[in-house]
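Q: predicted coordinates and the sequence they were generated for:
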Amino acid sequence: MSVSSVSGLLTDATPVGQAVSTLLGVVFVVAGFVAILGVVFLVAGRVTGRLQKPVAVVICLGPALFLLLLGLIIPAIVTFNNSLKNQQFLGQLVTKYVGLKNYAFAFTDPYTLGSIFRTLLWLIIVPTLTVAVGLSAALLLNRMKHTAVPKTLIFLPTAISFVGASVIWGYVYSYVTPSLPQTGLLSAVVMKLGWSNPPNWLITSPINTFLLMVIMIWIQAGFAMVVLGAALKSIPDEIIESARLEGADGWRLFRSIEIPMIRNTVVVVLTTVMITTLKVFDIVYTVTNGNYDTDVLARQMYADMFTTSQVSRGSALAVIIFIVVLPLMFYNIRQLRRERSER
Amino acid sequence: MTSVIPPVPDTVPSDGKLRGREATSAVRRAFSSPIASAVIIVISVLWTIPTLGLFINSFRSKEDAATTGWWEFFVHPSFSLSGYEQVLTGSGGLALPLVNSLAITIPATIIPIFIASMAAYSLAWLRFRGSDAIFFLIFALQIIPLQMALVPLQQYYVRGLQIGGVTVLPSPGVNGTLAQIWLTHTMFSLPLAIFLLHNFIAQIPVSLIEAARVDGANALRIFRSIVLPLSMPAIASFGIFQFLWVWNDLLVAKTFGSTDPAQQPVTARMQSLTGSYGAHLELLAPAGFITIVVPLIVFLALQRYFASGLLAGSVKG
């Protein structure tokens, strides 16, 4: 299973040797995995009669359920348990239960309250603006010809990592003393517009938080556009036509036909972006590392767990995030059940 | 859906209203207004400029990139590849991290595809009491934030799963290897993967499955010879989705990956470089572009499948 045993045979001090052995290890592992699956299928395929279906279910569903149990369900329970203790560093052996103290701390500590407040701001602003941009683009593109280029351009940032995006936007937000030639696009533009002394964007609160949100919206809008665009396409032409014959056009067509017909999709996109926004820590971590009043729960949680040795406090933040999203998930599941029963 | 075109009357009816295709194209015309085009152009340009800035800065000369904005390139063009050379060949640069990213991403894409498609198939076609409940449970697991699993998973990798001091499940012995990252990505990808693939696999016509059953194919054979080949479009789109996701991941790489620069993937390496290149700001642009270039190529080549993968999950057909 492990690459180290494979690469150990081939270890070479040169970078080229290291690269080759790493990639050989990968090929070996993937081939091994597929081969094991093949053998299991071959053996289990010989089972016949009443046992056939149960065996197939165990083989097909077993690995997934095992991994989900091990990787998500048990860890979530352990994290909840940790959040009730006073554990500070990883691997600490002697810990005791302190009840809801970590939660009480989270809701009284001014720094954490700041993170909670900013997380809520992210949760409200980012999904709303992402859907607004994505929906506008989708509505306009839906009735246009030659949409390939603009679609690709707007969709492109979806493929860029949050780290890459942070570097990209670093060049937009970078600050140089106003008397010198500017290297940051934002400063250059506002100075052209007459603001002679723009602030150092990323260290000026509260504007820095909004500038970080822009990065997130920039990444996610293409996703919203594509999903909403497809939903618009799936509205039968006949419906659009008859609405048109009734005299609906332009704005009224959007508002009274198209928007209601894709409302479910809009909600799904909103909740999906919300969940992504809540879990994201890369942008804040890479750009400001939570300094200058930009911290959010996801980053503070990571720091608590792995940097500042506050495992239990970090776990409490994880549980808080979990609770915030729970109602969204209930809504999504109900939506899905309804769709299933309609089929 | 859209292929159903209503019959087009030979002549425009006397009431003067448009029907059929003509009505559709009239609608199309009405919305292809210059304002709509202008808005789209503005959004497209706004969405492109930041990346363009990074790209241009990445091959400007050191002095120019450090002292003037990238847009000066159009007035005073300068061209130099020394940044790229330094980033790729210098020790602690991005050459090995590129290889590591591949080594992480390929297995972390292929393994979940198999495990998830098998699970999706059994939930869609091998129904049993409780299979619906399991499906909704898996769907609901998407909600568990990754961060919630980090500390317990890391402890599991180091010393196995213990309940009350008793080891229930030994550590898999992958601590410190790439296998730990594959395993983690596989676990975290399953809820979404199973959900997306289930939506597709459940739509395979019953008649195909029944015909195979009548021919005597057992459940596993049906999966291998009918479900898997027919699901290729969904698998391809999930595969691209997962490839981009893993390639772009920072959190898992940071938590479970090595701190040795020669063993980190590009995102983790780049993240450290944003700090340590403080004195070499000119290297940040080429390094940043190298970080994003592989996902961009994958995306541009395969964006159609990528889009349909997103759709399979969230759009009602």
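A: Cool, the structure landed.

Q: from here on, contacts and neighbour counts on C-alpha atoms
A: OK.

Q: tell me the pLDDT of A:V149.
A: Looking at A:V149, its pLDDT stands at 91.

Q: pull up the gap between it and B:I43, please.
A: 12 Å (C-alpha to C-alpha, to the nearest Å).

Q: which one's more surrounded, the two?
A: Neighbour count, other C-alpha atoms under 10 Å in any protein chain shown: between A:V149 and B:I43, B:I43 has more, with 16 against 11.

Q: pretty sure the more buried one sits in a helix.
A: Yes - under DSSP: H, G, I helix; E, B strand; the rest coil, B:I43 sits within a helix.

Q: so what's the closest residue to A:G45 other than its chain neighbours up against?
A: Leaving aside its sequence neighbours, A:G45 sits nearest to B:L220 (C-alpha to C-alpha, 6 or more residues apart in numbering or on different chains; 6.4 Å). By C-alpha atoms under 8 Å, 6 or more residues apart in numbering or on different chains, the contact list for B:L220 reads A:41, A:45, A:56.

Q: please apply the same query to A:A303.
A: Taking C-alpha under 8 Å, 6+ apart as the test, what A:A303 contacts is A:309, A:314.

Q: how near is it to chain B?
A: From A:A303 across to chain B, the span is 11 Å (C-alpha to the nearest C-alpha, to the nearest Å).

Q: quick check: which element contains that residue?
A: helix A:297-306 (DSSP states H and E).

Q: re the thing from before, most neighbours of all the contacts of B:L220, which one?
A: A:A56 (23 neighbours).

Q: who touches the helix or strand containing B:A140?
A: Taking DSSP H and E as the definition, B:A140 sits inside helix B:131-140. Identification of contacts with helix B:131-140 by C-alpha under 8 Å, 6+ apart yields A:329, A:333, B:123, B:191-192, B:194-195.

Q: and the residues you listed, which is closest to A:A165?
A: Ranked by distance to A:A165 (C-alpha to C-alpha), the contacts of helix B:131-140 are led by B:L192 at 23.9 Å.

Q: and the angle for the helix or strand hosting that closest one with helix B:131-140?
A: Using DSSP H and E, B:L192 maps to helix B:178-201. Angular relation of helix B:178-201 and helix B:131-140 on a 0 to 180 degree scale: 130 degrees, by axes from the mean of the first three to the mean of the last three C-alpha atoms, to 10 degrees.

Q: helix B:178-201 - contacts with which helices or strands?
A: Judged by 3 or more C-alpha pairs under 8 Å, 6 or more residues apart in numbering or on different chains; DSSP states H and E, helix B:178-201 is in contact with helix A:52-68, helix B:95-125, helix B:131-140, helix B:232-248, helix B:251-256, helix B:284-314.

Q: out of these, which is closest to B:V87?
A: Nearest to B:V87, of the helices and strands packed on helix B:178-201 and by C-alpha to C-alpha, is helix B:284-314 at 6.2 Å.

Q: for chain A, what's the nearest residue on the stretch 151-300 of chain B?
A: B:N248 (4.5 Å; C-alpha to the nearest C-alpha).

Q: for that residue, list the residues it contacts.
A: Applying C-alpha under 8 Å, 6+ apart, the residues near B:N248 are A:160-163, B:267, B:295.

Q: so can I have TSV of the residues you listed showing pLDDT?
A: Listed next are the contacts of B:N248 as TSV, based on pLDDT from 0 to 100:
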residue	pLDDT
A:I160	92
A:S161	91
A:F162	90
A:V163	90
B:T267	92
B:P295	91
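
Q: and which of those is nearest A:G49?
A: Each of these was scored against A:G49 by C-alpha to C-alpha, and B:P295 proved nearest at 47.8 Å.

Q: separation between the closest one and B:I134?
A: 34 Å.

Q: higher neighbour count, the two?
A: Taking other C-alpha under 10 Å, B:P295 and B:I134 do not tie; B:P295 has more neighbours (22 against 14).

Q: show me what contacts that one?
A: For B:P295, the contacting residues are A:159-160, B:244, B:247-248, by C-alpha under 8 Å, 6+ apart.

Q: picking that back up, nearest to A:G184, out of the helices and strands packed on helix B:178-201?
A: Closest to A:G184 of the helices and strands packed on helix B:178-201, according to C-alpha to C-alpha: helix B:284-314, at 13.1 Å.

Q: centre of the chain to the closest one, how far?
A: On the basis of C-alpha atoms, centre = their mean, to the nearest Å, helix B:284-314 sits 7 Å off its chain's mean C-alpha point.

Q: can you pull out the low-pLDDT segments for chain A?
A: A:1-13, A:249, A:333, A:336-337, A:339-343 (pLDDT under 70).

Q: mind doing that once more with 50?
A: A:1-12, A:343 (pLDDT under 50).

Q: once you drop chain neighbours, what's closest to the residue of the stretch 51-200 of chain A found nearest chain B?
A: Closest residue of the stretch 51-200 of chain A to chain B, C-alpha to the nearest C-alpha: A:T183 (3.8 Å). Leaving aside its sequence neighbours, A:T183 sits nearest to B:G69 (C-alpha to C-alpha, 6+ apart; 3.8 Å).

Q: wait, what's in contact with that neighbour?
A: Neighbour list for B:G69: A:181-185 [criterion: C-alpha under 8 Å, 6+ apart].

Q: how is chain A partitioned into domains?
A: The record's domain split for chain A, according to automatic domain parsing, is A:3-99, A:102-342.

Q: picking up where we left off before, what about the residue nearest to A:G45, which SS state?
A: Secondary structure for B:L220, judged by three-state DSSP, is helix.

Q: how much space between it and B:S231?
A: In this view, B:L220 and B:S231 are 15 Å apart by C-alpha to C-alpha.

Q: returning to that earlier point: what is the neighbour count of the residue of the stretch 51-200 of chain A closest to chain B?
A: A:T183: 23 neighbours (other C-alpha under 10 Å).

Q: could you pull up phi and psi at the residue of chain B found nearest chain A?
A: Here chain B gets closest to chain A at one residue, B:G69, 3.8 Å apart by C-alpha to the nearest C-alpha. Reported as degrees, to the nearest 10, the phi and psi values for B:G69 are phi -70, psi 160.

Q: tell me the SS of B:V168?
A: Applying three-state DSSP to B:V168 yields a three-state assignment of strand.

Q: so, low pLDDT: which residues of chain B?
A: Within chain B, the segments meeting pLDDT under 50 span B:1-17, B:314-317.

Q: quick check, central residue of it?
A: Nearest residue to the geometric centre of chain B (C-alpha atoms, centre = their mean): B:F241, 2.5 Å.

Q: would you confirm that that one contacts B:F306?
A: Yes - contact status for B:F241 versus B:F306: in contact at 6.0 Å, counting by C-alpha atoms under 8 Å.

Q: circling back: out of the contacts of helix B:131-140, who's the most crowded?
A: B:I194 (27 neighbours).

Q: quick check: that one touching B:L123?
A: No - if you go by C-alpha under 8 Å, B:I194 and B:L123 don't touch, sitting 9.2 Å apart.

Q: residues near residue 210, how many?
A: Just so you know, I chose chain A. Residues lying near A:F210 (other C-alpha under 10 Å) number 18.

Q: oops, I was thinking of chain B
A: Other residues close to B:E210 by other C-alpha under 10 Å number 13.

Q: for the residue lying closest to B:Q155 once chain neighbours are set aside, grab phi and psi.
A: Closest residue to B:Q155 apart from its sequence neighbours, by C-alpha to C-alpha, 6+ apart: A:G91 at 7.4 Å. The phi/psi pair for A:G91 (degrees, to the nearest 10) reads phi 80, psi 0.
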